[in-house]
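Visitor: After the sequence you'll find the predicted model.
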Amino acid sequence: QTHALNMGQHLKARFAELSKTHTGKWIGDVRGSGLFLGVEFVTDRTTLQPATLEVSAMCTKLKDEHNILTTIDGPHDNVIVIKPPMCFSKEDCDLFV
């Protein structure tokens, strides 16, 4: 459990770093605990307009091109849920982000 908490904190920190860049401008929020995280995507951080279509496309691309399984959640279907295995390492976290 300690490993999951540490990797989850690392993932959150990496997403926080990414959210400050042009590439991460779509990230509205990152929430969760341990290796069970949700990344909310918005088209506009001021209005918090949900990025529903974009999240669907991202989820499909992750599966089809990178063999990474994620799920979509949230009332607006704009949250990608990440549930990696317990053996997920810092290097895996960095590669995913």
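Guide: Everything's here; your move.

Visitor: Could you use CA atoms for every contact and neighbour count after this?
Guide: OK.

Visitor: tell me the centre residue of this structure?
Guide: The chain has Val39 as the residue nearest its centroid, 3.8 Å off, counting by C-alpha atoms, centre = their mean.

Visitor: who does the helix ranked longest in the chain touch, helix- and strand-wise?
Guide: The longest helix of the chain (DSSP state H) is helix 2-19. Here helix 2-19 touches strand 27-33, helix 90-96, going by 3 or more C-alpha pairs under 8 Å, 6 or more residues apart in numbering; DSSP states H and E.

Visitor: what comes up buried for that helix?
Guide: Residues 4, 6-12, 15-16, 18-19 are the ones in helix 2-19 that count as buried (16 or more other C-alpha atoms under 10 Å).

Visitor: Equivalent analysis for stretch 67-85, please.
Guide: 70, 72, 77-82, 84.

Visitor: next one: that stretch to chain centre, how far?
Guide: 7 Å (C-alpha atoms, centre = their mean, to the nearest Å).

Visitor: Check stretch 79-91 too.
Guide: Its chain's C-alpha centre and that of stretch 79-91 lie 9 Å apart, by C-alpha atoms, centre = their mean.

Visitor: Now that stretch - C-alpha only, CSV.
Guide: Extracted in CSV, the C-alpha atoms of stretch 79-91 (Å, rounded to 0.1, in the frame of the first residue of the first chain):
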residue,chain,number,x,y,z
VAL,A,79,-12.6,12.4,-16.4
ILE,A,80,-10.0,9.7,-17.4
VAL,A,81,-9.7,7.2,-14.6
ILE,A,82,-6.2,5.6,-14.2
LYS,A,83,-6.0,2.3,-12.4
PRO,A,84,-2.5,0.9,-13.1
PRO,A,85,-1.2,-2.3,-11.5
MET,A,86,0.6,-2.3,-8.2
CYS,A,87,4.0,-2.9,-9.9
PHE,A,88,3.7,0.5,-11.6
SER,A,89,7.0,2.3,-11.2
LYS,A,90,8.1,6.0,-11.2
GLU,A,91,9.4,5.4,-14.7
